[in-house]
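Participant: Sequence and computational prediction follow.
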Amino acid sequence: MNAGTQLRPESLSWMLDVGNVTGALSQASLLQPLLCATYFFLIGLYTALDLLAPTWPCINRHRLHPDKPITWPNIWTTLVLTIYNHMLYIFPTTVAQWLWRSPTPLPREAPTLCGFLLGIFGCTVVFDFQYYIWHLLHHKVPWLYRTFHAVHHQYNQPFSLVTQYLSGWELFSVGFWATIDPILLQCHCLTTWGFMVFNVYVSTEDHCGYDFPWSMHRLVPFGLWGGAPKHDTHHQKPGTNFAPFFSHWDWLAGTNVHCNDKDNSFSPLLGNSRV
């Protein structure tokens, strides 16, 4: 398949041609259930690995902290806040979209493969910059850290359920950028869905606590992708590695630290950490 090939299989032509069907399918009504399903599938998978790791050496050897198992109290505490956030923020927002947003017909033409991949890449780059600035400010400004971001740093050894162990403000702001970036870049709805799912995947992988051979930071060359090891280091050394995905902003700003680097820039705001 070359870069100009259309992602529009003939088997799906019926869906693209039936206006009364596509008109009833809004992007909002399709996207949120897909994101929730993707997220809960991933954390379910990683949590199963966490529980098996202490007795399965083939799994435990890939953990960043093989000598510190994830306990049931860790799982329940983070799971409760995750469900609370989904019920209090995400579910009402989804219902509001269903009720108030007019149906958005799916375009008849799919994006090219090149446009699809470039759109996801572009959204990821923009989101990475936005979150780097947001993250840096929430560590440098004491009021922002204490009020909004400190809850995420209660765990200095992240695991998958820490991904959405967040304050409501952080959940809202991160979700806002992930939603608005495809609009700013005028992405096709299929590209938007692809970016959203990819964003959920890499965000969960960042917090998973594993260094697998297929992890993103091993697939992307030249150390351009931070991945789970860099974000794990950030939770232990909160004055470093602020970018969520790529490494270039931390390199340019001098906040990049490798996992085995010695560093004295621990945040004085960090309270008692768990795990």
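Facilitator: That came in fine, so what should we check first? Numbers count the residues shown, from 1 in each chain.

Participant: Could you pull up phi and psi at residue 238?
Facilitator: Backbone torsions for residue 238, taken as degrees, to the nearest 10, come to phi -70, psi -10.

Participant: For it, report the pLDDT, please.
Facilitator: Predicted confidence (pLDDT) for residue 238: 92.

Participant: Just give the number of residues close to it.
Facilitator: When neighbours are counted by other CB atoms under 10 Å, residue 238 registers 23. Where C-beta positions appear, they are placed from N, C-alpha and C, glycine not excepted.

Participant: Against residue 254, how distant is it?
Facilitator: Here residue 238 is placed at a distance of 15 Å from residue 254 (CB to CB, to the nearest Å).

Participant: Residue 191 now?
Facilitator: For residue 191, the distance to residue 254 - CB to CB - is 34 Å.

Participant: between the two, which one's more packed in?
Facilitator: Neighbour totals were compared for residue 191 and residue 254, and residue 191 leads with 23 against 8 (other CB under 10 Å).

Participant: residues contacting that one?
Facilitator: Neighbour list for residue 191: 111, 115, 116, 119, 120, 123, 182 [criterion: CB atoms under 8 Å, 6 or more residues apart in numbering].

Participant: And for residue 215?
Facilitator: Going by CB under 8 Å, 6+ apart, residue 215 touches 205, 227, 228.

Participant: Tell me the helix or strand right after the helix or strand hosting residue 193.
Facilitator: Take DSSP states H and E as the rule and residue 193 turns out to sit in helix 189-207. Sequence order places helix 216-219 as the next helix or strand after helix 189-207, per DSSP H and E.

Participant: for that next one, packing partners?
Facilitator: helix 227-236 (3 or more CB pairs under 8 Å, 6 or more residues apart in numbering; DSSP states H and E).

Participant: Quick one: list the elements packing against the helix it packs on.
Facilitator: With contacts defined as 3+ CB pairs under 8 Å, 6+ apart, the packing partners of helix 227-236 are helix 189-207, helix 216-219.
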